[in-house]
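Undergrad: let's see this in three dimensions:
(one chain, ligands or ions: 1)
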Amino acid sequence: TTSSSAELGNLTQFEYLALNSPLNLSDGHARQALTSSQVRIIDDLPGLWAEAVKLPVEEVEASAKQAYFELLGQSSFPSGRVLSCYSSSVAMEIFARSLATEVDTIGLIHPTFDNIPDILRGVGLRLVPVEEDALHAGDLPGELLSQLGCVFVTTPNNPTGRVLPAERLRRLAEQCAEHDVVLTLDTSFRGFDTDAHYDHYAILRDSGCRWVVIEDTGKLWPTQELKIGFLVSSENVGLPVREIYSDILLGVSPVIMGMIRRFSEDAAGGGLAELHQFIARNRSVLRSVLAGVPGVSFPDTHSRASVERLHVGDRQGLEVWSRVQDFNVFVLPCQKFHWARPHEGDHLLRIALSRSESAVRGAAEALRTVLLQG
Ligand SMILES: N=C(N)NC[C@@H](O)CC(=O)C(=O)O
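TA: A predicted model of the protein is given here:
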């Protein structure tokens with residue numbers, strides 16, 4: 001039986017409901033088929049295993065990081081200060097615990113995926129919402145920054161897909177340096193949007209601010225949750241990140257590191273451009289099947305992320321979410337992204353696009369049927 005939405009505490013619990021459905025368009029994980037060149041990498045897992053046994057782990061790790069960060073335009077990444085974690089959420093928990101040793105208040109982008117505020121609250125931090133529009137409009141108010149120990153920005157943001165441009169990042173980092181505020185970025189969706197491929201680490205380094213970045217390989221490729229969350233920090237971050245990392249793990253499997261290197265090399269050889277076209281096609285399928293449905297709109301016209309928000313007009317998002325399950329289709333209601341003011345998400349749903357085109361089409365057609373019922 002599907003729990004009633006009221007019983008579900010967070011977005012991930014909505015995503016659990018969808019995990020075994022053929023039309024799961026709920027979580028932002030990659031569930032499309034492997035490409036033929038990616039199949040060849042998976043076929044060579046025994047070779048990756050043998051390499052992991054034979055080579056020193058630091059060698060396997062360094063080449064995986066180099067391939068992944070270079071692929072996404074981050075050539076100034078500080079290779080000596082990148083910690084490999086089992087997932088980006090594990091990286092975030094380690095960051096949060098280390099931040100809480102020194103900071104009690106954090107400014108967090110609003111809206112964003114709710115496991116971020118949940119993890120930050122979990123270590124006792126007080127959260128202040130920083131509206132996405134305000135963040136992109138210009139400088140943050142000095143009186144806001146003077147009450148914060150950290151500013152946390154998801155870019156590209158989830159679920160809006162909005163990317164912090166280089167000039168805004170430069171200015172924000174300068175402000176954080178001026179106010180001795182740690183600047184933290186969650187860049188989990190950056191692989192999908194070339195606007196997010198400018199060298200963030202060069203800008204952060206040159207600003208002189210204290211910074212942390214969390215990267216996620218897990219959203220890009222369909223690797224059955226075999227992934228790495230990279231936890232990167234500045235030399236002057238002044239937080240016990242490495243100590244707390246050592247409380248949690250010794251390291252990630254070098255087999256997964258080798259797999260990430262191979263997927264990154266394949267992406268650099270044309271696979272990333274193919275992936276972008278694949279996501280763009282799924283986005284256009286969703287938008288065209290739902291075109292013309294009264295009251296329905298897509299608020300994030302520029303998003304290239306692997307998720308798409310749908311505004312359902314006067315309808316209640318939770319009502320549509322519930323009724324579309326009659327077609328075995330699962331999407332994600334958006335209240336919990338609005339962690340400070342949930343009602344802002346009452347008429348919004350999020351649809352995952354890292355799925356087969358037929359799954360996206362099938363889900364869009366089921367949504368159309370439900371939405372036309374009024
Ligand atoms: N640790 C958690 N809760 N993982 C779920 C998260 O990866 C899903 C996500 O980010 C998205 O659906 O956009």
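Undergrad: okay, helices next: where are they in the stretch 1-150 of the chain?
TA: Along the stretch 1-150 of the chain, counting by DSSP state H, counting those that start in this stretch, helices occupy 11-18, 36-43, 45-54, 57-71, 88-100, 115-122, 132-137, 142-145.
Undergrad: from these, which stretch is densest packed?
TA: Comparing the helices of the stretch 1-150 of the chain by mean neighbour count (mean count of other CB atoms under 10 Å), helix 88-100 ranks first with a mean of 24. In short, each C-beta sits where N, CA and C put it, glycine included.
Undergrad: how about this structure: which residue is closest to the ligand?
TA: Gly28 (2.9 Å; CB to the nearest ligand atom).
Undergrad: tell me what the nearest residue to that residue once chain neighbours are set aside is bridged to.
TA: If the residues on either side of it in the chain are set aside, Gly28 comes closest to Val307, at 5.3 Å by CB to CB, 6 or more residues apart in numbering. Applying DSSP bridges to Val307 gives these bridge partners: Ala352.
Undergrad: pretty sure Val307 is touching Pro159, no?
TA: Yes - counting by CB atoms under 8 Å, Val307 does reach Pro159; the two are 5.3 Å apart.
Undergrad: so what sits against both of the two?
TA: Arg350 (CB atoms under 8 Å, 6 or more residues apart in numbering).
Undergrad: which parts of the stretch 1-150 of the chain sit against the ligand?
TA: 12, 15, 27-28, 89, 113, 115 (CB under 6 Å from any ligand atom).
Undergrad: do that again at 5 Å, thanks
TA: 12, 27-28, 89, 113, 115 (CB under 5 Å from any ligand atom).
Undergrad: want to throw the helices of the stretch 1-150 of the chain into TSV with mean pLDDT?
TA: Formatted as TSV, the helices of the stretch 1-150 of the chain follow (pLDDT from 0 to 100):
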stretch	mean pLDDT
helix 11-18	96
helix 36-43	98
helix 45-54	98
helix 57-71	98
helix 88-100	98
helix 115-122	98
helix 132-137	98
helix 142-145	98
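Undergrad: okay if I get those helices as CSV plus distance to Leu353?
TA: Converted to CSV, these look like this (distance: least, CB to CB, whole Å):
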stretch, distance to Leu353
helix 11-18, 14
helix 36-43, 18
helix 45-54, 27
helix 57-71, 20
helix 88-100, 19
helix 115-122, 20
helix 132-137, 20
helix 142-145, 34
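Undergrad: between the ones you listed, which one is closest to Leu169.
TA: Nearest of these to Leu169, taken as CB to CB: helix 132-137 at 10.4 Å.
Undergrad: neighbouring contacts of that closest one?
TA: By CB under 8 Å, 6+ apart, the residues outside helix 132-137 that reach it are 109-111, 140, 153, 157, 160, 162, 164-165, 168, 172.
Undergrad: buried stuff in stretch 185-201?
TA: Within stretch 185-201, the residues that qualify as buried are 185-193, 195-196, 198-201, counting by 16 or more other CB atoms under 10 Å.
Undergrad: which two of those residues have the greatest separation?
TA: Every pair of these checked by CB to CB; the farthest is Phe192 and Tyr201, at 19.2 Å.
Undergrad: coming back round to it: closest one to Ala273 among the helices of the stretch 1-150 of the chain?
TA: Per CB to CB, nearest to Ala273 of the helices of the stretch 1-150 of the chain: helix 57-71, 11.3 Å.
Undergrad: packing partners for that closest one?
TA: strand 82-85, helix 254-266 (3 or more CB pairs under 8 Å, 6 or more residues apart in numbering; DSSP states H and E).
Undergrad: contact partners for the residue nearest to Ser98 when sequence neighbours are not counted?
TA: Excluding the flanking residues, the one nearest Ser98 by CB to CB, 6+ apart is Leu239, at 4.2 Å. The contact partners of Leu239, by CB under 8 Å, 6+ apart, come to 95, 98-99, 101-102, 182, 210, 212, 233.
Undergrad: please redo it, this time with the cut-off set to 10 Å
TA: 94-95, 97-103, 150, 182, 210, 212, 233 (CB atoms under 10 Å, 6 or more residues apart in numbering).
Undergrad: so which helix or strand takes in it?
TA: According to DSSP states H and E, Leu239 maps onto no helix or strand at all.
Undergrad: report pLDDT for it.
TA: At Leu239, the pLDDT value in this model is 98.
Undergrad: now it, what are its backbone angles?
TA: phi -120, psi 150 (degrees, to the nearest 10).
Undergrad: just give the nearest non-adjacent residue to the residue most central in space within the chain, would you?
TA: Centroid-nearest residue in the chain, with CA atoms, centre = their mean: Ser188, separated by 3.4 Å. In space, and not counting its chain neighbours, Ser188 is closest to Asp216: 3.7 Å by CB to CB, 6+ apart.
Undergrad: other SSEs contacting the longest helix belonging to the chain?
TA: Ranked by residue count, the top helix of the chain under DSSP state H comes out as helix 272-289. Where contact means 3 or more CB pairs under 10 Å, 6 or more residues apart in numbering; DSSP states H and E, helix 272-289 is packed against helix 254-266, strand 307-311, strand 348-352, helix 357-372.
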